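*Asks:* turn this into a model:
(one chain, ligands or ions: 2)
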Amino acid sequence: MNAREKFGIPHDSVITIAGTVGVGKSTMTNSLSQALNFRTSFEKVEKNPYLDSFYKNFERWSFHLQIYFLAERFKEQKKIFEYGGGFIQDRSIYEDTGIFAKMHYDKGTMSPTDYDTYTSLFDAMVMTPYFPHPDLLIYLEGSFDDVVGRIKERGRPMEQETPIEYWEEMYNRYEDWIDDFNACPVLRLNIADYDLLNDEDSVEPILEKIGHFIQQARKWRASHLPSS
Ligand SMILES: Nc1ncnc2c1ncn2[C@@H]1O[C@H](COP(=O)(O)OP(=O)(O)O)[C@@H](O)[C@H]1O
Ligand SMILES: Nc1ncnc2c1ncn2[C@H]1C[C@H](O)[C@@H](COP(=O)(O)O)O1
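*Replies:* Numbering: from 1, shown residues only. Ligands and ions are numbered 1, 2, ... in the order given. I've put the predicted structure just below:
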């Protein structure tokens with residue numbers, strides 16, 4: 001019996017990994033996709049044509065970058081739909097608007113008009129009955145010091161040159177955002193409780209929790225929502 005069957009995780013599940021920059025989403029995406037034999041949907045940071053410029057000048061590039069991310073994530077969403085699920089997704093589409101766009105708008109690095117245009121496009125594309133929400137959002141959390149340590153260790157130049165206040169603001173916003181998030185079921189994991197890089201067995205208890213959450217959520221949906 002494979003791990004997916006062992007933990008009762010449906011083959012068509014879509015699991016999205018959320019959390020602040022550097023917390024370990026990509027590492028988790030890789031481990032889960034290997035363990036479950038699922039496809040991955042990654043943010044392609046190296047191929048992003050705006051990210052470097054954005055970190056140098058938020059005002060100039062924040063709108064362009066959000067539109068780019070929205071388009072990329074929507075294409076990924078379409079791919080997931082076409083394959084019929086069985087995916088681990090590195091970062092959710094909800095964080096783009098709930099964290100990044102809002103933060104830049106609040107801080108004055110995205111204009112009110114751009115923010116309005118962006119949010120109305122986001123709502124028209126995402127907040128519709130045609131947009132399938134994931135079965136589960138895994139939210140990764142940890143101490144601010146650990147997260148900043150990981151950003152430093154990873155060493156992306158554009159992130160090293162960004163003031164620590166930016167990461168602190170984002171970290172605090174994430175904590176508030178997740179408390180109010182309700183678009184799909186949430187499993188919160190603390191990065192101090194597992195170590196996917198040095199202890200490959202630490203994925204097992206995570207798989208067990210995932211199986212439990214998804215089964216509960218599907219049972220709830222089957223008994224509360226009309227069948228299509
Ligand atoms: N358990 C761990 N212990 C120490 N470092 C880790 C651990 N998991 C991930 N990292 C490191 O932290 C950095 C950020 O992880 P990553 O998965 O790229 O985060 P994200 O995708 O959330 O930005 C990477 O250098 C990664 O190797
Ligand atoms: N929607 C976004 N707006 C601004 N910046 C973003 C957005 N989504 C991701 N990013 C940045 C943050 C990081 O520098 C890279 C990749 O994020 P990571 O959390 O390391 O996967 O892109």
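
*Asks:* please count neighbours and contacts with C-alpha atoms only from this point.
*Replies:* OK.

*Asks:* now do residue 218 against residue 16, distance only.
*Replies:* Distance check for residue 218 against residue 16: by Cα to Cα, to the nearest Å, it reads 16 Å.

*Asks:* between these two, point out the one with more neighbours.
*Replies:* Using other Cα atoms under 10 Å as the criterion, residue 218 and residue 16 rank with residue 16 on top: 24 against 13.

*Asks:* ok, the more buried one - contacts?
*Replies:* 88-92, 134, 136-138 (Cα atoms under 8 Å, 6 or more residues apart in numbering).

*Asks:* state the next helix or strand along the chain beyond the longest helix seen in the chain.
*Replies:* Using DSSP state H, we find that the single longest helix of the chain is helix 58-83. Note on helix 58-83: by DSSP states H and E, the next helix or strand toward the C-terminus is strand 87-90.

*Asks:* show me what that next one is packed up against.
*Replies:* The contact analysis (3 or more Cα pairs under 8 Å, 6 or more residues apart in numbering; DSSP states H and E) places strand 87-90 against strand 14-18, helix 25-36, strand 39-41.

*Asks:* moving C-terminal of that strand, what's the next helix or strand?
*Replies:* helix 93-95.

*Asks:* and that following helix, anywhere near ligand 2?
*Replies:* No - using Cα under 6 Å from any ligand atom, helix 93-95 never reaches ligand 2; the gap is at least 6.7 Å.

*Asks:* got the contact list for that helix?
*Replies:* Contacts of helix 93-95 (Cα under 8 Å, 6+ apart): 18, 70, 73.

*Asks:* could you measure residue 15 against residue 64, distance?
*Replies:* For residue 15 relative to residue 64 (Cα to Cα), the value is 27 Å.

*Asks:* ditto for residue 214
*Replies:* Taking Cα to Cα, one finds residue 214 at 35 Å from residue 64.

*Asks:* so which of those two has more stuff around it?
*Replies:* Taking neighbours as other Cα under 10 Å, residue 214 and residue 64 compare with residue 214 leading, 22 against 16.

*Asks:* ok, the more buried one - contacts?
*Replies:* Shown in contact with residue 214 (Cα under 8 Å, 6+ apart): 9, 135-136.

*Asks:* same thing but at 7 Å, please
*Replies:* 135-136 (Cα atoms under 7 Å, 6 or more residues apart in numbering).

*Asks:* quick check, it in a helix?
*Replies:* Yes - per DSSP: H, G, I helix; E, B strand; the rest coil, residue 214 lies within a helix segment.

*Asks:* and the closest residue to residue 190 other than its chain neighbours, how many neighbours?
*Replies:* Of all residues not flanking residue 190 in the chain, residue 141 sits nearest, at 4.9 Å (Cα to Cα, 6 or more residues apart in numbering). When neighbours are counted by other Cα under 10 Å, residue 141 registers 21.

*Asks:* do the same with the one 3 residues further on
*Replies:* Residue 144 is flanked by 15 other residues according to other Cα under 10 Å.

*Asks:* how about residue 86?
*Replies:* Using other Cα under 10 Å: residue 86 sits among 21 other residues.

*Asks:* again with residue 66
*Replies:* For residue 66, using other Cα under 10 Å, the count is 22.

*Asks:* now it: how far from ligand 2?
*Replies:* Distance, residue 66 to ligand 2, by Cα to the nearest ligand atom, to the nearest Å: 5 Å.
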